[in-house]
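Trainee: Turn this into a model:
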Amino acid sequence: MTGQSIDITSRPWWRRRAIIAGAALALACAASFAAGGPGPVAAAAPAHPSAPASAPDLGPNVEIFDPSMPTSQIQADVDAIAAQQTSNQFGTQRYALLFEPGVYGSAADPLTFQVGYYTEVAGLGASPTDVTINGAVDVANQCDSSGCTALDNFWRSMSNLTVNITGQTGCRAGTEFWAVSQASPLRRVDVTGGNLSLMDYCSAGPQYASGGFIADSAFSGGTVINGTQQQFMVRNSTLDGWTNGVWNQVFAGDPGAPAQSFPNPPYTTLATTPRSREKPFLYLDGSGQWNVFVPAAQQDSRGTTWQAGQTPGRSIPLSDFYLARPGDPIAKINSALAQGKDLLLTPGVYDVDHTIKVDHADTVVLGLGVATLTAEDGVTALAVGDVPGVDVAGIMVDAGPVNSPVLLRVGSALGNGHAHKADPADPTALQDVYFRIGGPHLGKADVSLAVNSNDVILDDIWAWRADHGDGVGWTSNTADTGLLVNGDDVTATGLFVEHYQKYEVIWNGERGETVFFQNEMPYDAPDQAAWQHDGIDGYAAYKVADDVRSHQGWGLGSYIYTPADPSLHAAHAFEVPQTPGISMNDLLTVSLNGAGTIDHVVNDTGAAVTPTYQGPSTVNSYP
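Mentor: Sure, this is the predicted structure:
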């Protein structure tokens, strides 16, 4: 479905992608609602958490609520954090809001609040049904004198709880709003009693969002309103309905999902998810003890892990974890890992001057509140050794001002003679892991994520070379490639890679799979000479090596926007070997805001998108 480009070059809130008018269905639907705005919030974040005496010490930026607390007290705390974090895009504050099992709010006194940057909202039950919030947990547009948008609503999450929509009035009545873009997942949520809207149509009418991720969730009593989301990934979730798509909507293993219909509507629907592993989560057991649950890996899965009973997997006592805080010496963290401890990163920013090393099989590294590792002095911030079953989840890795060869490495470097141990039944997994090159400060790295091990699952990964913020420029925040895959049998479900200066994804391993890919090529190449190789204009967004014999992809999109030089070309968005083992399905390209041309979708197949023909240009299957 083709949207109408809107001229935003004079609007200071524009930062990253051309705003595309949503599908006519979404706009017509939303136009019937009266304009509204986010609710009021308090002025400052609380200094200390309100936690039961039995809670572990998770640091000053973890709020632990129990159902005996007055709703007014909880409301004041969460509103204060929202007031601080709603516009705090590049700040250092991080928060986790954790709800013990029980019921919060009521129809007469609902709990309704906003989720801002670097804020994790999570239930502490063994099942999402163990924690119920009567009210709404929303992400709304950001509004200022320039207008309203959700295009920058990144780096937040909600998981492992039920939202029973109640107490909303006016335009927002009967609807939970989750108007987000990248790095803002919903996991293990049960939304009941109304609709879930992935756009905010109440703040100054229908506004724009771009990209998102939902997994292991259920929606009943209403529909999911995609609205103006340009692309979205939904995996292993139960849907009661889904309204419209713009460019690229991908469903894998979702009962109730729309039927396969790409490109009109642009739905890519897989009956099952090829391989998956749900994210580990904190929970309280029946005796009040704190644990981390690690879900088991699944193959060809469909539906949630929890609606038919307990999620399969294993439980680890929280006492088996080293509870890290910002400022802890990396040597101390590494000593705990070397002794076989798991690692919980409490909210904050960690300056990493020596590589954090994970060398024991089945180690869990779990971040709270988008815990962030900053690579200092050109180090690799986190390295996983040649061991199976490691799980790294809920963290962000920032490049530092000294160039790092790689920010996060899974498996030792190739060619060193080490055996890359792997277990298909116990794959290593990365869930909700994000990378930034620039943005909060100057950053440089050749590669953000290198996967050298076999049997790895990448689930909701956003690798971002910043196009706004601090330290941004073609010769400033330099970075070649977002994802480099050298291992075999690697599966990506929900892969977002943007603005890198050469190949954005390079896939050298065999039997790779990608279910959903979203990409924007670099905005800031100054001229064609700076962005070309071997006589070929630009770089492909997704490159499968010429000697690979087996690779599959479903629902892959790449967009170009080159305001520094609107005449720039990329010869191809996707480059793959033409061999029977390669299967690429439902591909598309788009040219944004009259700047930039992609000559072909995949290899030399697919029509060009240009400044005068925005697209999308689509290829249903290749070869």
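
Trainee: Where does pLDDT dip in the protein?
Mentor: Regions of the chain meeting the criterion pLDDT under 70 cover residues 1-53, 414-420.

Trainee: Mind doing that once more with 80?
Mentor: The chain contains residues with pLDDT under 80 at 1-54, 205, 413-421.

Trainee: Got the domain ranges for it?
Mentor: Per the record, the chain has its domains at 24-276, 332-622, by automatic domain parsing.

Trainee: The helix or strand where H572 lies pairs with which strands, parallel or anti?
Mentor: Following DSSP states H and E, one finds H572 within strand 569-575. Partners of strand 569-575 in the sheet, by DSSP bridges, are strand 542-544 (parallel), strand 597-602 (parallel).

Trainee: Now do the buried residues in that strand.
Mentor: Across strand 569-575, burial judged by 16 or more other C-beta atoms under 10 Å covers H569, A570, A571, H572, A573, F574, E575. Every residue, glycine included, has its C-beta placed from N, CA and C.

Trainee: of the strands paired with strand 569-575, which approaches N153 most closely?
Mentor: strand 542-544 (25.4 Å; C-beta to C-beta).

Trainee: Can you list the residue ranges for helices in this protein?
Mentor: 24-30, 71-85, 330-338 (DSSP state H).

Trainee: what's the most buried one of those?
Mentor: Mean neighbour count (mean count of other C-beta atoms under 10 Å) peaks for helix 71-85 among the helices of the chain, with a mean of 19.

Trainee: Show me what that one is packed against.
Mentor: If contacts are counted by 3 or more C-beta pairs under 8 Å, 6 or more residues apart in numbering; DSSP states H and E, helix 71-85 sits against strand 62-65, strand 95-99, strand 111-114, strand 119-123.

Trainee: Export it to CSV, keeping only CA atoms.
Mentor: What follows is helix 71-85 as a C-alpha-only set of coordinates in CSV (Å, rounded to 0.1, in the frame of the first residue of the first chain):
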residue,chain,number,x,y,z
THR,A,71,-3.5,3.1,44.0
SER,A,72,-2.9,6.8,44.6
GLN,A,73,0.7,6.0,45.9
ILE,A,74,1.5,3.8,42.9
GLN,A,75,0.0,6.4,40.6
ALA,A,76,2.1,9.2,42.0
ASP,A,77,5.3,7.1,41.7
VAL,A,78,4.7,6.0,38.1
ASP,A,79,3.6,9.5,37.0
ALA,A,80,6.7,11.0,38.4
ILE,A,81,8.9,8.7,36.4
ALA,A,82,6.9,9.3,33.3
ALA,A,83,7.2,13.0,33.7
GLN,A,84,11.0,12.7,33.8
GLN,A,85,11.3,10.1,31.0
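
Trainee: now it, how far from the centre of its chain.
Mentor: In terms of C-alpha atoms, centre = their mean, to the nearest Å, the centre of helix 71-85 is set 25 Å apart from its chain centre.

Trainee: got the buried residues for stretch 530-547?
Mentor: Buried residues in stretch 530-547, counted by 16+ other C-beta under 10 Å: W531, Q532, D537, G538, Y539, A540, A541, Y542, K543, V544, A545.

Trainee: Could you double-check that the last one lies in contact with I506?
Mentor: Yes: under the criterion of C-beta atoms under 8 Å, A545 is in contact with I506, at a separation of 7.1 Å.

Trainee: Contacts for the strand holding H572 next, please.
Mentor: Outside strand 569-575, the residues that touch it by C-beta atoms under 8 Å, 6 or more residues apart in numbering are 519, 521, 528, 536-544, 556, 558, 560, 584, 587, 589, 596-604, 606, 622.

Trainee: Spatially central residue for this structure, please.
Mentor: A183 (2.9 Å; C-alpha atoms, centre = their mean).

Trainee: residues in contact with that one?
Mentor: Counting by C-beta under 8 Å, 6+ apart, A183 has contacts F154, W155, R156, V370, M396, D432, Y434, D460, W462, F496.

Trainee: next one: F154
Mentor: Contact analysis of F154 by C-beta under 8 Å, 6+ apart lists Q89, Y117, V180, S181, Q182, A183, S184, W462.

Trainee: Looking at the residues you listed, which is nearest L196?
Mentor: Of all the contacts of F154, L196 sits closest to V180, with 11.5 Å by C-beta to C-beta.

Trainee: The residue nearest to the closest one when sequence neighbours are not counted: what's it in contact with?
Mentor: Residue nearest to V180 in three dimensions, not counting chain neighbours: N153, with 4.5 Å by C-beta to C-beta, 6 or more residues apart in numbering. Counting by C-beta under 8 Å, 6+ apart, N153 makes contact with V139, Q142, A179, V180, S181, S184, A209.

Trainee: Could I get the contacting residues of the last one?
Mentor: For A209, the set of contacting residues under the criterion of C-beta under 8 Å, 6+ apart consists of 150-151, 153, 179-181, 198-200, 227-230.

Trainee: how close does the spatially closest residue to W531 that is not a sequence neighbour sit to N519?
Mentor: The shortest distance from W531 to any non-neighbouring residue, by C-beta to C-beta, 6+ apart, is to A525 (3.7 Å). Between A525 and N519 the distance is 15 Å, computed by C-beta to C-beta, to the nearest Å.

Trainee: Looking at the two, which has the bigger crowd around it?
Mentor: Taking neighbours as other C-beta atoms under 10 Å, A525 and N519 compare with N519 leading, 26 against 21.
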